[in-house]
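1. Here is the input, now give the coordinates:
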Amino acid sequence: MTGRDRRRFTAADFDYVCPPALIAQRPAPDRAASRLLVLDRATGAVTHRRFPDFPTLLEPGDLLVRNVSRVIPARLLGTRDNGRPAEVLLVHPEPDGTWLAMVHPGGKLKIGRRVWFGATERRSGAAEAEIVDVVGGGLRRVRFHGLDAGEVMARYGAVPLPPYIQRPPDDADRERYQTVYARVDGSVAAPTAGLHFTPAVLDAVAARGADIADVVLHVGPGTFKPVEVDDPANHVMHAEWYEIPPAAATAIQAAKARGGRVWAVGTTACRVLESAAPDVPAGSGWTDLFIYPPFTFRVGDALLTNFHLPRSTLVMLVAAFAGYDHTMAAYREAVGERYRLYSYGDAMAIV
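-> Presented below is the predicted three-dimensional model:
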């Protein structure tokens, strides 16, 4: 689809009034209990449904492309040499065994400094991360000593909930901040459009005659970074690793050939598809694709997503897909109808 908007937008154009009370702080008791706003991108018409109705939007021959990346317990709380607290948020591993990470307090954690994990193990040095390089963009390279990164995350790690969830993570988040189909470790944030699916809803998708293809995009912390420059074209995206397995590539190509709609389950799946457009071959790599109006979509025909932060790259992607005016009107209606917003919030289907 070719984007309708040929206007030049600034970041401020993607602001909207978001009452703090609408920011979902906890998931709904039932994954599929979420509300579903359905937006017709041709007309701007909005209808209000429940998420169990989602399969009725599908037609035989449609294809759902979902991101099966799994959130890792990447948030590590420890102490510095002086006993004061520190935080390390792991982003992704490097080939040499180090990890790229975001750290706090950044000004204190210079090259050579160490963060210790586990008060009883500090004396033995069984679990520590050393800052070995400053790589820019708020990132450090860290090397683990004593225990490897996987062992440290298993023992001390917590789910890295988004900054707008203003409570500590709890045991329930380890399961609810994952999709039911997540299986490839690597994300530091959930592909949240998929959080609404249950096995029963997936069974209903299959009963409609729609297919499913699984891709991977490991979500990085840049997903929460607002666009702080006036011109979105000057915003720098953090690169994220993705993979299109052979079975998914075949399914996507077959759906396009038969005229079925390709549904992107979430902005992450959408970015995978458009990063590999137009042919979507099997393969893997890094993408820093930033989708904002105007943009020509060459693979995705429909989009399932959540409601996103003002000025975020995610709301800009939605506006590129649905049209700016339709998107912002739909967001105003969602706020007026008291939809729950952001990661643990309600869903939006753009058809």
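2. Contacts only, for residue 314.
-> Residues in contact with residue 314 (CB atoms under 8 Å, 6 or more residues apart in numbering) are 223, 267, 305, 308. Every C-beta, even on glycine, is put in place using the N, C-alpha and C of the backbone.
3. Mark out where each domain of the chain begins and ends.
-> Following automatic domain parsing, one finds the domains of the chain at 11-71+173-350, 75-156.
4. still on that earlier bit, and the contacts of residue 314, which are buried?
-> 223, 267, 305, 308 (16 or more other CB atoms under 10 Å).
5. in which helix or strand would I find residue 329?
-> In this structure, residue 329 sits in helix 324-336 according to DSSP states H and E.
6. Show me what counts as buried in that helix.
-> 324, 326, 327, 328, 330, 331, 334, 335.
7. Just give the closest residue to residue 144, not the sequence neighbours.
-> Spatial nearest neighbour of residue 144, excluding adjacent residues (CB to CB, 6 or more residues apart in numbering): residue 129 at 5.5 Å.
8. Mind listing residues that contact whatever helix or strand that neighbour lives in?
-> Using DSSP H and E, residue 129 falls within strand 128-136. Residues outside strand 128-136 that contact it (CB under 8 Å, 6+ apart) are 76, 78, 88, 98, 100-101, 103, 109-117, 122, 140-146, 152.
9. State the next helix or strand along the chain beyond that strand.
-> Counting by DSSP H and E, the element after strand 128-136 in chain order, helix or strand, is strand 139-145.
10. Buried deepest among the domains of the chain, which one?
-> domain 11-71+173-350 (a mean of 19; mean count of other CB atoms under 10 Å).
11. Quick check: end-to-end length of it?
-> Here the two ends of domain 11-71+173-350 are set 22 Å apart, with distance taken as CA to CA, to the nearest Å.
12. do stretch 300-320 as well
-> First-to-last residue span, stretch 300-320, CA to CA: 12 Å.
13. how about the strands in the stretch 201-350 of the chain?
-> Applying DSSP state E, counting those that start in this stretch to the stretch 201-350 of the chain gives strands spanning 211-217, 240-244, 262-265, 283-287, 302-306, 347-350.
14. Output those strands in JSON lines; the columns should cover mean pLDDT and distance to residue 72.
-> Formatted as JSON lines, the strands of the stretch 201-350 of the chain follow (pLDDT from 0 to 100; distance: least, CB to CB, whole Å):
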{"stretch": "strand 211-217", "mean pLDDT": "98", "distance to residue 72": "13"}
{"stretch": "strand 240-244", "mean pLDDT": "97", "distance to residue 72": "13"}
{"stretch": "strand 262-265", "mean pLDDT": "98", "distance to residue 72": "20"}
{"stretch": "strand 283-287", "mean pLDDT": "97", "distance to residue 72": "18"}
{"stretch": "strand 302-306", "mean pLDDT": "98", "distance to residue 72": "21"}
{"stretch": "strand 347-350", "mean pLDDT": "98", "distance to residue 72": "24"}
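15. related to what we said a few turns ago, from the buried ones among the contacts of residue 314, which is closest to residue 280?
-> Relative to residue 280, the closest of these is residue 267; by CB to CB it sits at 16.8 Å.
16. Per-residue confidence, the closest one, what does it come out as?
-> Model confidence at residue 267, given as pLDDT, is 98.
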